[in-house]
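>>> What would the 3D arrangement of this be:
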Amino acid sequence: MVVGLGNPGPRYDATRHNVGWWVLDRLAYDWDFGPFESSEDHMSTRGRVGERGVELRKPTRYMNRSGTALFDLLADDDFDPRRDLLVVVDDAALEVGRIRFRPKGGAGGHNGLRSIAEVLGTDEYARLRLGVGRCPDDVDLADWVLAPMAPDDEEHVVDLLPELTGAVELWLNEGTEAAMNRFNR
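Residues are numbered from 1 along each chain as shown. Take a look at the predicted model:
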């Protein structure tokens, strides 16, 4: 399962907080998955990447309620978030285009990660943090992440999306440590 965090609605499409959705859209395109289908609390699409069945999921509650899109996984005895979950998230503490895989960790002030940890009862799940630029000292963090990126910054992130497909494929096949060693920068 690859979960990309974002906020629903056209108002948020181009914002820093929605780069998780950008990544999932690119994965679905590159892997030739069908369109995302809506359910009560998320949109998802499924397919195969090599020998692995993969679901891409976009929570459709606002960021601070992202975890509700994962409640159904708690009933699946075969699902282990330490092994089976990658969350793709924006990071306003990283320069634009920086990539950071982590095998686990705290929310780091990110309400979407906090919500997921609360629902799953653990913060031991992999995450792919994508830098959206450091929030300036004189700007409120919420205003920063809910604003569109500067055109050059957006172009830089969009140009990374094909590379991120390869990064997520490496995570699927070899795990977080291999993805960290090759893609963290």
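>>> Next up, phi/psi of the residue of the chain positioned farthest from its centre, please.
Residue distances from the centre of the chain (Cα atoms, centre = their mean) peak at residue 138, which lies 26.9 Å from the mean C-alpha position. Main-chain torsions, residue 138, degrees, to the nearest 10: phi -90, psi 10.
>>> Ok, residue 19 next?
Given degrees, to the nearest 10, the pair of backbone angles that residue 19 has is phi -60, psi -30.
>>> residues near it, how many?
Residue 19: 28 surrounding residues under other Cβ atoms under 10 Å. Heads up, the C-betas are built off the backbone N, CA and C, glycines and all.
>>> who's in contact with it?
6, 88, 90, 130, 132, 157 (Cβ atoms under 8 Å, 6 or more residues apart in numbering).
>>> what is the nearest residue to it once chain neighbours are set aside paired to in the beta sheet?
Leaving aside its chain neighbours, residue 19 sits nearest to residue 90 (4.7 Å; criterion: Cβ to Cβ, 6 or more residues apart in numbering). Counting by DSSP bridges, residue 90 forms beta bridges with residue 130.
>>> Would you agree residue 90 is in contact with residue 16?
Yes - with contact defined as Cβ atoms under 8 Å, residue 90 counts as touching residue 16 (5.3 Å).
>>> Quick one: name whatever helix or strand follows the worst-scoring helix or strand of the chain on mean pLDDT.
Lowest on mean pLDDT, DSSP states H and E among the helices and strands of the chain sits helix 141-145, with a mean of 91. Per DSSP states H and E, helix 141-145 leads on to helix 151-174 as the next helix or strand towards the C-terminus.
>>> Same drill for residue 90 and residue 16, tell me which one is more crowded.
More neighbours surround residue 90 than the other of residue 90 and residue 16, with 28 against 24 (other Cβ under 10 Å).
>>> ok, that one to residue 175 distance?
In this view, residue 90 and residue 175 are 23 Å apart by Cβ to Cβ, to the nearest Å.
>>> And residue 129, by the same measure?
17 Å.
>>> Out of those two, name the residue with the larger neighbour count.
residue 129 (25 against 14).
>>> hmm, back to that, mutual contacts of residue 90 and residue 16, please.
132, 145.
>>> May I see the buried residues of stretch 63-82?
With burial defined by 16 or more other Cβ atoms under 10 Å, the residues of stretch 63-82 counted as buried are 63, 65-70, 73, 81.
>>> Show only the entries of these found in strands.
Nothing among the buried residues of stretch 63-82 maps onto strands, per DSSP state E.
>>> can you redo the residues you listed as a markdown table with distance to residue 97?
As requested, the buried residues of stretch 63-82 are exported to a markdown table (distance: Cβ to Cβ, whole Å):
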| residue | distance to residue 97 |
| --- | --- |
| 63 | 21 |
| 65 | 28 |
| 66 | 23 |
| 67 | 27 |
| 68 | 30 |
| 69 | 27 |
| 70 | 28 |
| 73 | 31 |
| 81 | 27 |
